[in-house]
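Engineer: Show me the folded form of this:
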Amino acid sequence: LKLLPEIEFVSRAAELIMRLDAHPGCKTTIPETAPMAEKCFEAIELYNPRVALAIDDEIVTNDLSFDDEARIYVLTGPNRGGKSVITVALGAAQAMFQLGLPVPAAKAKISPVSGIYTHFPEGADDTIDKGRLGEECARLREIFASATADSMILLDESLSSTGAYEAAYIASEIL
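Structural biologist: Numbering: from 1, shown residues only. The predicted structure follows:
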């Protein structure tokens, strides 16, 4: 009985990988493991597994590389352009790798991280006392207080509740 949660995890993980591999254009791979000190994330034809399973069409893939040349990416573009989709794909691939699962990509080389921290838009539940910008800044402070040099931090639409000048100032302080 004590092993049931682990058996369920393995069973559902295997089902997920089989569903992804059966989807048109989707591949999964067991990534090459790089040392944590290398801080490497390289993926060829990376995709968001949730999106892939929600549509019948072939999906759009992307190549991503985080290494000594680039550790920070800032994605900009129009609404519905895929910025959030690829950000989630990156986090999902890292989490799946750390769980020992194949990742949603054709090929990958990934270093383990000490933690995966995310800052995605939330509802307005906690904005009464601080306002939306105050709530976002409080969440960002928690992330950066907990993160280490070996952490992955994914921010999506952070600081969108303020003007461009203020957002640029706060973003430069964060970077």
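Engineer: Would you state the helices of this structure in chain order?
Structural biologist: Counting by DSSP state H, the chain has helices at residues 4-22, 49-54, 83-98, 131-146, 164-174.
Engineer: Out of those helices, which is the most enclosed?
Structural biologist: Per residue and on average, the most neighbours among the helices of the chain fall to helix 83-98, with a mean of 20 (mean count of other Cβ atoms under 10 Å). Heads up, the C-betas are built off the backbone N, CA and C, glycines and all.
Engineer: ok, the spatially most central residue of the chain to Pro5 distance?
Structural biologist: Relative to the mean C-alpha position of the chain, the nearest C-alpha, by Cα atoms, centre = their mean, is the one of Gly91, at 2.1 Å. Gly91 sits 23 Å away from Pro5 when distances are taken as Cβ to Cβ, to the nearest Å.
Engineer: Report the angle between the worst-scoring helix or strand of the chain on mean pLDDT and helix 131-146.
Structural biologist: Least confident helix or strand of the chain, by mean pLDDT, DSSP states H and E, is helix 164-174 with a mean of 76. The directions of helix 164-174 and helix 131-146 differ by 10 degrees, with axes from the mean of the first three to the mean of the last three Cα atoms, to 10 degrees as the criterion.
Engineer: Just name whatever secondary elements helix 164-174 is in contact with.
Structural biologist: In terms of contacts (3 or more Cβ pairs under 8 Å, 6 or more residues apart in numbering; DSSP states H and E), helix 164-174 is packed against helix 131-146.
Engineer: pLDDT on the helix it packs on, on average?
Structural biologist: Mean pLDDT, computed over helix 131-146, is 81.
Engineer: Over to stretch 116-128?
Structural biologist: 67.
Engineer: Name all residues that make contact with the closest residue to Ala89 other than its chain neighbours.
Structural biologist: Setting aside the residues directly before and after it, Ala89 is nearest to Asn48 in space (Cβ to Cβ, 6 or more residues apart in numbering), at 3.9 Å. Contacts here follow Cβ atoms under 8 Å, 6 or more residues apart in numbering; on that basis Asn48 touches 59, 85-86, 88-89, 92, 104.
Engineer: ok, so of those residues, who is nearest Glu142?
Structural biologist: Using Cβ to Cβ, Val88 is the member of the contacts of Asn48 that sits closest to Glu142, with 20.2 Å.
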